[in-house]
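**Q** need a structure here:
(one chain, ligands or ions: 1)
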Amino acid sequence: MEEPKTPPTFHEPVVPQEPFARPADQSGPEAVSPTGKPTGAPDDSRSQSGAYLTTAGGVRLPDTDHSLRAGDRGPTLLQDHHLREKITHFDHERIPERVVHARGAAAHGVFASYGSAGGVSKAAFLQEGVETPVFVRFSTVLGSRGSADTVRDTRGFAVKFYTDEGTFDLVGNNIPVFFIQDGIKFPDVIHAAKPHPDREIPQAQSAHDTFWDFVSLHTEAQHHTMWNMSDRGIPASFRTMEGFGVHTFRLVAADGTPTLVKFHWKPKAGVHSLVWEEAQLAAGGDPDFHRRDLADAIEAGLYPQWELGIQTFPDTADQTFEGIDLLDPTKLVPEELAAVQPVGMMTLTANPTNYFAETEQVAYHTGHLVPGIDVTNDPLLQVRLFSYVDTQLTRLGGPNFEQIPINRAHAPVNDMLRDGFHQQAVHAGVAPYRPNSLDGGCPFVAGADVGAYVEVPERVEGEKVRELSASFDDHFSQARLFYRSMTPVEQQHIAAAYTFELGKCYEQVIRERQLQALANIDAQLCATVATGLGLPAPEPTMNLDDVDPSPALSQIGTPFPVDGRKIGIAVDDASDPQAVNGLIEACEAVGLVPFIVGPHGGTVGTFKVDRTYGTARSFEFDALVLGGALPPAADAIPALDARAAFRASDAAASGGVDARIIQLVGEMWRHCKVLGSLGSSGQQALESIGVDPESPGVVNGEAPGDVTEGLIALLALHRVWDRF
Ligand code: HEM
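**A** Residues are numbered from 1 along each chain as shown. The predicted structure is shown next:
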């Protein structure tokens, strides 16, 4: 790795030079050996080196465009080892995608511990001031690797902590409960949720018969399903998602005292979601919407942060808290009953250097635990403890995947595991067994006093049964708790989502069965969905016990920081350059990310155009400011852009504003996003489109500072819900 990247040239470069250094926003797995020893090499030492094209064996090659042939019109020769190596390697480039969570994006970062958990856990990385490198992968659950980011689904939130005591993985989701109570059903719920086996449709969707067939028959899934139908199912970005460990874990203090805990990740940027139409537009307009947002933010130095928190519960014999069974993964504990106590801050600081090497090959595992963190008997977690290594044996092609650079421990590894496909370590010695005398007795077993992982000596007894405790039988009260904790607008979104998804089912009986489940959750929700489906609302089959709402479950109402929010600034060739530049600077000064939307590519006046009227789409922006009269651009030719054709008459009726800007404003308005204008021509354009400048969520100003001040106040609440 040599020179920093220079801009590409028009003509093919011919002077040999070493590979460029990687961009500043990227990082790679730390350079530790397969057995965890720091190598002292820079972490890009695994990248390609040398200026010349070579074989995999490092022999320089004169040509890679022509195979070796018997004459220029003759057959290709088998002896062409370069051809065979190139094609053979290509033929084997793919590995199986993950059986679930195939679609993901990841980043490197650091976890800085406050030390506040030091009293309940002896884990070294939770002690005061300790900083631990992390690698975090976010994912959807259902879609294939190439599916869209913004589908309605649960999101994975998996964190690998490379601690000095070994690797700890917190393999969580953005939803605090799960579909099933016993892991033995996991293949079944996934078979039901994945595309139908005959036609392999729909992709990355729960809006189909088999999914609703399963969740209406296994009613324990109703709570998780309610979260999926809520705004949580369509997060605005990875940066604005909460994360949850879901299961109850057990922390162990230095003196051995156990404490039951639930893990929470709280995003500093707040918890925000898309609206459904936006999610659908983004799935087509930018299927990589979340992936791009994460990478762009890190590249721009807007490092996403989450605070790790724990809810703690006494480790009592019945493992319940306020009547909630802590071993039931379909139940949460409202924050009003057990506050989330902050224990550290995670900051994502670098993008991966290579998607396949890092994001694809990373292998998380719920069994990666360190001293001070133990599991409980949650029957879902118990099955996960088996599943992850098992699946990775196939996905990563053999038993040595822990030696892949991104998976290597940063602690010394002396494991007596030997040989196998793709062995990277060069183990010395003759006695990989113990006890031994030939290698001086090494490796030795440790006591807890020198950092051994010792399971909590929990007493276990019982008869062998295939059943769960009766406390798992309540499938509806927490779905009701969630629904009734939502604000009216969130409740409307939930009802609309159920109506959409059930409306996509072909079988009426499945809709009816799911309506029955809704009747057992909330009569008003059931009635609204039934009306949309054109079906009668059934009566509940049980008493609907009252629940105390948990306002902490709602996403709406809490102001959050606005840095990193994207502001579209629509300009035309006559826009006042001073005012527009002022707005760009004012945005940047407060951490907002401005995007210039111009009538054509290149530059407008002195500023670079990021999007044109033709390429901009509303889902890209949190707010849109009109910075000029925005007359139809040169490419607003109906024959070339259907949107221009469709809205040409509107344009005429709207004071001659480009039809695509009218569409942009219309979408932003419908999606309750902040709108604004800069200067009188911008305000006139807004008015001529039909937006009352005095209406809620609209900012108008002559001075850029006035506009940004208004934007910040409105964006802190994310959307203008009181517009409608
Ligand atoms: C018994 C129930 C479950 C089973 C059997 C199971 C199994 C799996 C499997 C086989 C994978 C693919 C792993 C790989 O190829 O590396 C996976 C990925 C994942 N699972 Fe589970 N899972 C279960 C429940 C859960 C739950 C409850 C959560 C959340 C708390 C969860 C979160 C994740 C995440 C985040 C990933 C993606 C990890 C990554 O980014 O590589 N799973 N799961």
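
**Q** so who does the nearest residue to residue 606 once chain neighbours are set aside touch?
**A** Leaving out its chain neighbours, the residue that sits closest to residue 606 by Cβ to Cβ, 6 or more residues apart in numbering is residue 577, at 5.3 Å. Every C-beta, even on glycine, is put in place using the N, C-alpha and C of the backbone. Contacts were defined as Cβ atoms under 8 Å, 6 or more residues apart in numbering; by that measure residue 577 touches 605-607.

**Q** quick one: which of those residues is nearest to the ligand?
**A** Nearest to the ligand out of those is residue 607 (Cβ to the nearest ligand atom; 39.2 Å).

**Q** May I have the phi/psi pair for the closest one?
**A** For residue 607, the backbone dihedrals (degrees, to the nearest 10) come out as phi -110, psi 150.

**Q** May I have the beta-bridge partners of it?
**A** For residue 607, the beta-bridge assignment (DSSP bridges) gives partners residue 604.

**Q** got a list of what it touches?
**A** So residue 607 contacts 571, 577, 580-581, 584, 596 (Cβ under 8 Å, 6+ apart).

**Q** if I read this right, residue 151 contacts residue 204, doesn't it?
**A** Yes - when contacts are counted by Cβ atoms under 8 Å, residue 151 is listed as touching residue 204 (4.3 Å).

**Q** which residues do these two both contact?
**A** Listed as contacting both residue 151 and residue 204 by Cβ under 8 Å, 6+ apart are 140, 142-143.

**Q** Return the subset of the residues you listed lying in strands.
**A** residue 140 (DSSP state E).

**Q** In ChimeraX, how would I select just the buried ones from the shared contacts of residue 151 and residue 204?
**A** This is how ChimeraX selects the buried members of the shared contacts of residue 151 and residue 204, with burial counted by 16 or more other Cβ atoms under 10 Å:
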select :140,142,143
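
**Q** now, which of the shared contacts of residue 151 and residue 204 sits nearest residue 702?
**A** Distances from residue 702 to those, taken as Cβ to Cβ, are shortest for residue 140 (44.4 Å).

**Q** Let me have the shared contacts of residue 151 and residue 204 in JSON lines, extended by distance to the ligand.
**A** Converted to JSON lines, these look like this (distance: Cβ to the nearest ligand atom, whole Å):
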{"residue": "140", "distance to the ligand": "10"}
{"residue": "142", "distance to the ligand": "12"}
{"residue": "143", "distance to the ligand": "13"}
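
**Q** For the shared contacts of residue 151 and residue 204, give me TSV that also has pLDDT.
**A** Shown next, in TSV, are those (pLDDT from 0 to 100):
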residue	pLDDT
140	98
142	98
143	98
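
**Q** Distance to residue 81 added to the shared contacts of residue 151 and residue 204, as a markdown table?
**A** Formatted as a markdown table, those follow (distance: Cβ to Cβ, whole Å):
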| residue | distance to residue 81 |
| --- | --- |
| 140 | 42 |
| 142 | 43 |
| 143 | 40 |
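
**Q** between the shared contacts of residue 151 and residue 204, which is nearest residue 325?
**A** In terms of Cβ to Cβ, no member of the shared contacts of residue 151 and residue 204 lies closer to residue 325 than residue 142, at 27.8 Å.

**Q** so the closest one touches residue 191, yeah?
**A** No - if you go by Cβ under 8 Å, residue 142 and residue 191 don't touch, sitting 11.3 Å apart.

**Q** pLDDT score for residue 645?
**A** At residue 645, the model reports a pLDDT of 59.

**Q** and the gap between the closest residue to residue 54 other than its chain neighbours and residue 84?
**A** Distance criterion Cβ to Cβ, 6+ apart; nearest residue to residue 54, sequence neighbours excluded, is residue 60 at 5.4 Å. Distance check for residue 60 against residue 84: by Cβ to Cβ, to the nearest Å, it reads 18 Å.

**Q** Pull up the residues of this protein that are close to the ligand.
**A** Residues of the chain found near the ligand (Cβ under 6 Å from any ligand atom) are 98-101, 104, 137, 139, 156, 158, 171-173, 178, 183, 186, 246, 362-364, 380, 383-384, 387-388, 391-392, 395.

**Q** Please spell out the ChimeraX selection for the buried subset of these.
**A** Remark: buried members of these, expressed as a ChimeraX selection using 16+ other Cβ under 10 Å:
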select :98,100,101,104,137,139,156,158,171,172,173,178,183,186,246,362,363,364,380,383,384,387,388,391,392,395
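
**Q** Spell out the secondary structure type for residue 184.
**A** helix (DSSP: H, G, I helix; E, B strand; the rest coil).

**Q** for the stretch 601-724 of the chain, which spans come out with low pLDDT?
**A** 639-655 (pLDDT under 70).

**Q** hey, where'd the strands end up in it?
**A** With DSSP state E, counting those that start in this stretch as the criterion, the stretch 601-724 of the chain has strands at 603-604, 607-608, 611-612, 623-626, 674-678, 698-701.

**Q** now the ones you listed as CSV including distance to residue 341?
**A** Below are the strands of the stretch 601-724 of the chain laid out as CSV (distance: least, Cβ to Cβ, whole Å):
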stretch, distance to residue 341
strand 603-604, 51
strand 607-608, 46
strand 611-612, 43
strand 623-626, 35
strand 674-678, 34
strand 698-701, 38
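
**Q** Which of those strands sits closest to residue 299?
**A** That would be strand 607-608 among the strands of the stretch 601-724 of the chain, by Cβ to Cβ, at 16.6 Å.

**Q** which intervals of this protein have sub-threshold pLDDT?
**A** Applying pLDDT under 70 to the chain flags the ranges 1-4, 639-655.

**Q** list the contacts for the most centrally placed residue in it?
**A** In the chain, the residue lying closest to the centroid (Cα atoms, centre = their mean) is residue 138, at 3.3 Å. Contact analysis of residue 138 by Cβ under 8 Å, 6+ apart lists 104-106, 155-158, 238, 241, 290, 294.

**Q** beta partners for it?
**A** When assigned by DSSP bridges, residue 138 has beta-bridge partners residue 105, residue 157.

**Q** cool, residue 321 as well?
**A** Beta-bridge partners, per DSSP bridges, of residue 321: residue 324.

**Q** Roughly how far does residue 435 sit from the ligand?
**A** 35 Å (Cβ to the nearest ligand atom, to the nearest Å).
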